[in-house]
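1. Okay, here's the prediction I keep looking at, along with the sequence it came from:
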Amino acid sequence: DAGVIQSPRHEVTEMGQEVTLRCKPISGHNSLFWYRQTMMRGLELLIYFNNNVPIDDSGMPEDRFSAKMPNASFSTLKIQPSEPRDSAVYFCASSYRRGGETQYFGPGTRLLVL
Amino acid sequence: GQQLNQSPQSMFIQEGEDVSMNCTSSSIFNTWLWYKQDPGEGPVLLIALYKAGELTSNGRLTAQFGITRKDSFLNISASIPSDVGIYFCAGQSFNKFYFGSGTKLNVKP
């Protein structure tokens, strides 16, 4: 199993630039989640999709953040324009329901906005 | 939103000792998950619990889904240096997962 795949693993950009994070969930998983992790706030759910449809985006910080899932094997999280306070580790996770819900994380994208 | 209280926040133990950590919530969950996160990595799933009262082991790790569905604990027996890391609990309700703030485990050889 390849696991959840995220790219890039590291991103350094300047304030005002557009950032696009990518995720490939585990094949057969029907839910996909985007999280942000910081020392101050821990793991925060940004948005999740079920069967490619956004179900809950209440965690998306503001309009600068957007996420898409055009098909079952790909999702993007875009920040435009980026700000220094967006610096964090962004995780993608996918889950399936087989008796119960089980969620698996990708390795994360470490974003630094200067 | 739903909150999970995870304790302790950090632990310093000697190699060979047993460890216990727990999570409590005011809300009921359908699933409890326990993860370990190493520096620079994503959380790795250790144990998944799906039924109230369920007790599950994974090697030296044992976790239980509380009868009230509002709590769970994780025990690590005979700790070793590679157990060092941050352990997170997560409760699942209505397709969403809610995470505890983590327990940072330090093991002295």
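-> That came through fine. Numbers count the residues shown, from 1 in each chain, chains lettered A, B, ... in the order given.

2. interface residues of chain B facing chain A?
-> Proximity of chain B to chain A (C-beta under 8 Å from any C-beta of the partner chain) is limited to residues B:30-31, B:33, B:35, B:40-45, B:48-50, B:88, B:90, B:92, B:95-99, B:101-102. (Each C-beta comes from the backbone N, C-alpha and C, glycine too.)

3. Could you identify the buried members of those?
-> B:30-31, B:33, B:35, B:42-43, B:45, B:48-50, B:88, B:90, B:92, B:96-99, B:101-102 (16 or more other C-beta atoms under 10 Å in any protein chain shown).

4. So in the chain, where's the weakest helix or strand by average pLDDT?
-> Unless you meant another one, I'm taking chain A. In chain A, the helix or strand scored least confidently by mean pLDDT, DSSP states H and E is strand A:101-105, which has a mean of 86.

5. Chain B is the one I meant
-> strand B:96-99 (a mean of 88).

6. Can you tell me which of the residues of chain B next to chain A end up in strands?
-> Among the residues of chain B next to chain A, DSSP state E puts B:31, B:33, B:35, B:44-45, B:48-49, B:88, B:90, B:92, B:96-99 in strands.

7. which residues touch the residue nearest to residue B:31 when sequence neighbours are not counted?
-> Of all residues not flanking residue B:31 in the chain, residue B:92 sits nearest, at 3.8 Å (C-beta to C-beta, 6 or more residues apart in numbering or on different chains). Residues near residue B:92 by C-beta atoms under 8 Å, 6 or more residues apart in numbering or on different chains: A:100-101, A:103, B:29-33, B:98.

8. low-scoring stretches of chain A, by residue?
-> Applying pLDDT under 70 to chain A flags residues A:1, A:98-100.

9. ah, wrong one, I meant chain B
-> Chain B contains residues with pLDDT under 70 at B:1-2.

10. Enumerate the residues of chain A near chain B.
-> Near chain B, when you scan chain A using C-beta under 8 Å from any C-beta, you find A:4, A:31, A:33, A:42-43, A:45, A:48, A:50, A:55-56, A:91, A:95, A:99-108, A:110.

11. how about 10 Å then?
-> Contact residues, chain A versus chain B (C-beta under 10 Å from any C-beta of the partner chain): A:3-4, A:6, A:9, A:31, A:33, A:35, A:37, A:41-45, A:48, A:50, A:55-56, A:58-59, A:89, A:91-93, A:95, A:97-108, A:110.

12. Next, give me the two most distant ones among the contacts of residue B:92.
-> A:100 and B:98 (15.3 Å; C-beta to C-beta).

13. How much space separates residue A:89 from residue B:26?
-> Remark: distance between residue A:89 and residue B:26 (C-beta to C-beta, to the nearest Å) = 28 Å.

14. Neighbour count for those two, which is higher?
-> residue A:89 (19 against 9; other C-beta atoms under 10 Å in any protein chain shown).

15. Thank you, goodbye.
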